[in-house]
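Asks: can you look at this prediction? I've put the sequence above it.
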Amino acid sequence: MLLDELKSHLSTQINPKIESDGKYRLASVLVVIYGKEPIVVMTEKPKHMKFHAGEISFPGGKLDFDDSDLLETALRETREEIGLLISKEQVIGQLEPVVTLNSGFLILPFISVVNEISALSANAEVEKIFHIPLESFLKTEAKDPDPSHNLIQEMYTFEYQSQLVWGASARILKQIQDCLQS
């Protein structure tokens, strides 16, 4: 799979504002895919965090008062969490919003596909940064075996180096997988 092929499958119109009915807090993430053999960047949250402790996720976070929209949130959080500066022009699309089961967030995922990235450095919100080969990673998809996780949306899991990716991050990966198969 080549980056140009990924771009053609994942490019969509960008609408960085969504409405929340007040049931969920708004957040966004940035899915960064780079390299000749496409690599996706994900992070592990520290175990001491209030929400999503120890989980594997995409860089991102909640909409701040100063953010003009959710795309600005995703770009700001990516810069803060892993030291990666992505411009609005490098964002090629977005996926459908996903909700979190426990923390009450409605997350809008954006996608950036770039040739290369600079060296990354984790801040206090990130325990570890993963550079995961996308194609083999997507082949690890399985149905989430925990029936309590299926309360809000259909659930999936993906696996990398014995680490399980589940919840909102897995549903984002499933959307990417579905786009690439269409």
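Replies: Happy to help now that I have it. Numbers count the residues shown, from 1 in each chain.
Asks: alpha carbons only for contacts and neighbour counts from here, please
Replies: Fine.
Asks: quick one, strands of this structure?
Replies: 25-34, 39-44, 56-57, 60-62, 91-94, 98-99, 105-114, 128-133, 142-143, 156-160, 163-165 (DSSP state E).
Asks: name the residue closest to the centre of this structure, please.
Replies: Among the residues of the chain, the one closest to the centroid is residue 58, at 3.6 Å (CA atoms, centre = their mean).
Asks: per-residue pLDDT, that one?
Replies: Residue 58 is assigned a pLDDT of 97 by the prediction.
Asks: tell me which strands and helices the lowest-mean-pLDDT helix or strand in the chain is in contact with?
Replies: Evaluated with mean pLDDT, DSSP states H and E, the helix-and-strand set of the chain has its lowest mean pLDDT in strand 142-143, which scores a mean of 81. Packed against strand 142-143 by the contact rule (3 or more CA pairs under 8 Å, 6 or more residues apart in numbering; DSSP states H and E) you find strand 156-160.
Asks: so which bits of the strand it packs on are buried?
Replies: Going by neighbour count (16 or more other CA atoms under 10 Å), the buried part of strand 156-160 is 156-159.
Asks: output the contacting helices and strands for the longest helix seen in the chain.
Replies: Looking across the chain with DSSP state H, the single longest helix is helix 167-181. Taking 3+ CA pairs under 8 Å, 6+ apart as contact, the helices and strands that helix 167-181 lies on are helix 3-10, strand 98-99, helix 134-138, strand 156-160.
Asks: ok, now with 10 Å
Replies: The criterion is 3 or more CA pairs under 10 Å, 6 or more residues apart in numbering; DSSP states H and E, and the helices and strands that helix 167-181 contacts are helix 3-10, strand 25-34, strand 56-57, strand 98-99, strand 105-114, helix 134-138, strand 156-160, strand 163-165.
Asks: so where's this protein uncertain?
Replies: Screening the chain residue by residue with the criterion pLDDT under 70, one finds the ranges 49-53, 144-154.
Asks: and if we set it to 80?
Replies: Regions of the chain meeting the criterion pLDDT under 80 cover residues 1, 20-21, 47-54, 101-102, 143-155, 182.
Asks: which residues sit in contact with the closest residue in space to residue 59 that isn't next to it in sequence?
Replies: Closest residue to residue 59 apart from its sequence neighbours, by CA to CA, 6 or more residues apart in numbering: residue 78 at 5.1 Å. With contacts defined as CA atoms under 10 Å, 6 or more residues apart in numbering, the neighbours of residue 78 are 29-32, 58-61, 72, 84-86, 122.
Asks: and residue 78, how far from residue 84?
Replies: Computed with CA to CA, to the nearest Å, the distance linking residue 78 and residue 84 is 6 Å.
Asks: cool, thanks, signing off.
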